[in-house]
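[1] kindly return the folded structure for what I paste below:
(one chain, ligands or ions: 1)
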Amino acid sequence: MRHLMSPLDFTTKELDELFDLANDIEKNPEKYAHACEGKILATCFYEPSTRTRLSFESAMTRLGGSVIGFADAASSSASKGESVSDTIRIISCYADICAMRHPKEGAPMVASEKSSIPVINAGDGGHQHPTQTLTDLLTIRSLKGRLGSFTIGLCGDLKFGRTVHSLIHALVRYDNIRFVFISPEELRVPDYITDKLKSKNIPYQEVIRLEEIMPELDLLYMTRVQKERFFNEEDYVRLKDFYILNAAKMSLAKKDMLVLHPLPRVNEISIEVDEDPRAVYFQQAQYGVYVRMALIMTLLGKDR
Ligand code: CP
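    Have a look, this model is predicted:
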């Protein structure tokens, strides 16, 4: 039995196989319509979500399986004080696989240690969001034709953004990648990440102004300044509109640069950018369904 806690839990070869399967699902969905018949996915979400929870539920339904779960802690027995460890032991009696999101870093890992079914980390605090990373990698590989040999700018909340942390961890395994971290001083990428890049001799640069770096980027990964991770409202209000990607800034970029965003967005991408063919964040969400279908099949041993 295998869990998914971090994107590094899969080798790059295993990721290639997962993405090949996801691309085949995209092309031939009918082939997979019964792949997980009789299996049950539990979605245990202690934190709000639209994309991750519903794409998991859509993925399992499209594979012919069923879904149970809860969408917030208040409607589960966590509100009566039940621990994650006890909850997963119960969920193991009801389902065959579980996707868990939790505001506490490491909670899905604790669950996996007591679980008798595969547990997927669907986002834990500011730590990791491995299935978003699988979505991001599949999007890049499908639309750019490669994973590697590019300059990627990550912009916005690089301090608390778990999608950013997960994506950097995953990308360091590919060749010839240069990172540009674009953030205000207060939301800089954590030292443990830049230390890792230094130790591996992976080039990176930190800048504050998005405009100055736009012409150099092959990929721009925008992120939201996350109100829920701030300790005081004043700091959030000061930083929330620090970056707004608009048509004028897009005019500085390469013709084939892609804009990704894990979503939800607030103001950081103006809606006028949605019409630009380089804006692929809605396509990215669609890839999220294919890659979660491939992941569920793989963890349930239905991929062969
Ligand atoms: N990208 C993402 O994790 O979105 P949700 O919070 O809506 O699941």
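[2] mind giving me the packing neighbours of the one helix or strand Gln284 maps to?
    Under the criterion of DSSP states H and E, Gln284 resides in helix 281-299. Helix 281-299 is packed against helix 12-27, helix 51-62, helix 130-144, strand 258-260, with contacts defined by 3 or more C-beta pairs under 8 Å, 6 or more residues apart in numbering; DSSP states H and E. C-beta here means a position set from N, CA and C on the backbone, and glycine is covered the same way.
[3] buried residues in it?
    281, 284-285, 287-299 (16 or more other C-beta atoms under 10 Å).
[4] again with stretch 197-204
    Buried residues in stretch 197-204 (16+ other C-beta under 10 Å): Leu197, Ile202, Tyr204.
[5] which pLDDT value belongs to the nearest residue to the last one once chain neighbours are set aside?
    Distances taken as C-beta to C-beta, 6 or more residues apart in numbering put Phe179 closest to Tyr204, at 4.1 Å, once the chain neighbours are dropped. Per-residue pLDDT puts Phe179 at 98.
[6] contacts only, for Phe179.
    Thr151, Ile152, Leu154, Ile168, Leu171, Leu197, Ile202, Pro203, Tyr204, Gln205 (C-beta atoms under 8 Å, 6 or more residues apart in numbering).
[7] which two in these are spaced the farthest apart?
    Leu171 and Gln205 (15.0 Å; C-beta to C-beta).
[8] out of the two, which sits in the busier spot?
    Neighbours around Leu171 and Gln205, counted as other C-beta atoms under 10 Å, are more numerous at Leu171. The numbers are 22 against 13.
[9] what sits against the residue of the stretch 101-250 of the chain at minimum distance from the ligand?
    For the stretch 101-250 of the chain, the residue closest to the ligand is Gln132, as judged by C-beta to the nearest ligand atom, at 5.2 Å. Neighbour list for Gln132: Thr52, Gly123, Arg162, Thr163, Ser166, Leu167, Pro262, Gly288 [criterion: C-beta under 8 Å, 6+ apart].
[10] now the last one: closest residue in space, sequence neighbours ignored.
    It refers to Gly288. In space, Gly288 is closest to Thr135, 4.0 Å off (C-beta to C-beta, 6+ apart).
[11] for the one you found, grab the count of nearby residues.
    Thr135, neighbours per other C-beta under 10 Å, totals 28.
[12] hmm, back to that, of the contacts of Phe179, just say which sits nearest to Ile25.
    Closest to Ile25, out of all of these and judged by C-beta to C-beta, is Leu171, at 23.4 Å.
[13] what's the helix or strand for the residue nearest to Tyr204?
    Assigned by DSSP H and E, Phe179 falls in strand 177-182.
[14] alpha carbons only: can I get the next helix or strand after that strand in CSV?
    Heading C-terminal from strand 177-182, the first helix or strand you meet, by DSSP H and E, is helix 191-199. Extracted as CSV, the C-alpha positions of helix 191-199 are listed here (Å, rounded to 0.1, in the frame of the first residue of the first chain):
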residue,chain,number,x,y,z
ASP,A,191,15.3,30.0,3.6
TYR,A,192,15.1,26.1,3.7
ILE,A,193,14.1,26.2,0.0
THR,A,194,16.8,28.6,-1.2
ASP,A,195,19.3,26.6,0.9
LYS,A,196,18.3,23.5,-1.0
LEU,A,197,18.7,25.2,-4.3
LYS,A,198,22.2,26.5,-3.3
SER,A,199,23.2,23.0,-2.2
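[15] sounds good, over and out.
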